[in-house]
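Enquirer: Quick one: sequence and predicted model below, then my questions.
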Amino acid sequence: MNIYIQNKKEDFNGVVDFFKKDLSTVKVGRANPAMLDGVLVEAYGVKNPLNSVCNISVSDARSMTLTPWDKNSLKAIEKAIIEANLGLGVVNEGDKIRLNIPQMTEENRKEAVKKANEKQEKARVSLRQVRDEVKSSIEEAFESKEIGEDDKFRFIKELDEEVEKVNNEIKQMRDKKEAEIMEI
């Protein structure tokens, strides 16, 4: 692997890691604490991530229980989840909140697959941006006579192979997610 790709290897991995995390927020009809990652709770005068103000536990495949660290923040947690509009049933039990995940309809499944596809496309755009950065650094090195023409074409070919490998990894993750979503 050439030094230009090695210098941006962390960026390639970052695209994959971000996509993996982003994809975990897509609902599949089963309880998953990752679906609550984007929820911010107004507590103590500041917006906090949900997992910093309560314990999130999966009760069964269709429900989660949120137990706040401070009982006074229960209403704020309930409000934040409702405002996040995640399509979850929110039940305040006095000392904890129970979230019920509704059964997914065919329409919900198709919508979730569409979301997964949008997230995949965002990841591919990010990947192309990293590719363009690497390609321009290879071309700059060629222009400044640091590398020869043969090296330039070999490095660009290696870059395209690396991009294809990462794109395939992203596609496999999306395909796996689609299979999870469409599973009844």
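Expert: Sure thing, it's come through.
Enquirer: okay, now the domains of this protein?
Expert: Domains of the chain are assigned by automatic domain parsing as 3-24+105-182, 33-100.
Enquirer: Quick check: end-to-end length of the shortest one?
Expert: Spelled out, it's domain 33-100. Counting by Cα to Cα, to the nearest Å, you get 12 Å between the two ends of domain 33-100.
Enquirer: Under a three-state scheme, what state does residue 91 occupy?
Expert: At residue 91 the chain is in strand, as set by DSSP: H, G, I helix; E, B strand; the rest coil.
Enquirer: Just the element for the residue nearest to it when sequence neighbours are not counted, please.
Expert: Nearest residue to residue 91 in three dimensions, chain neighbours excluded: residue 98, at 4.4 Å (Cβ to Cβ, 6 or more residues apart in numbering). Backbone N, C-alpha and C define where each C-beta goes, glycine included. Secondary structure assignment for residue 98, by DSSP states H and E: strand 97-100.
Enquirer: Mind listing what's buried along the following helix or strand past that strand?
Expert: Moving toward the C-terminus from strand 97-100, the next helix or strand (DSSP H and E) is helix 106-143. For helix 106-143, a neighbour-count test (16 or more other Cβ atoms under 10 Å) marks 109, 112-113, 115-116, 119-120, 123-124, 126-127, 130-131, 134-135, 138, 141-142 as buried.
Enquirer: Now do helix 106-143: which elements does it pack against?
Expert: Packing partners of helix 106-143 (3 or more Cβ pairs under 8 Å, 6 or more residues apart in numbering; DSSP states H and E): helix 3-7, helix 9-23, helix 149-182.
Enquirer: quick check: mean pLDDT across the last one?
Expert: Spelled out, that is helix 149-182. Averaged over helix 149-182, pLDDT sits at 91.
Enquirer: which helices and strands does it pack with?
Expert: Short answer (3+ Cβ pairs under 8 Å, 6+ apart): helix 149-182 packs on helix 3-7, helix 9-23, helix 106-143.
Enquirer: So for the residue of the chain positioned farthest from its centre, what pLDDT did the model give?
Expert: When distances are taken from the C-alpha mean of the chain, residue 145 lies farthest, 40.6 Å away, according to Cα atoms, centre = their mean. Reported pLDDT at residue 145 in the predicted model: 86.
Enquirer: now it: how far from residue 136?
Expert: Per Cβ to Cβ, to the nearest Å, residue 145 is found 16 Å from residue 136.
Enquirer: Which pLDDT value does the model give residue 73?
Expert: 87.
Enquirer: With that, I have no additional questions.
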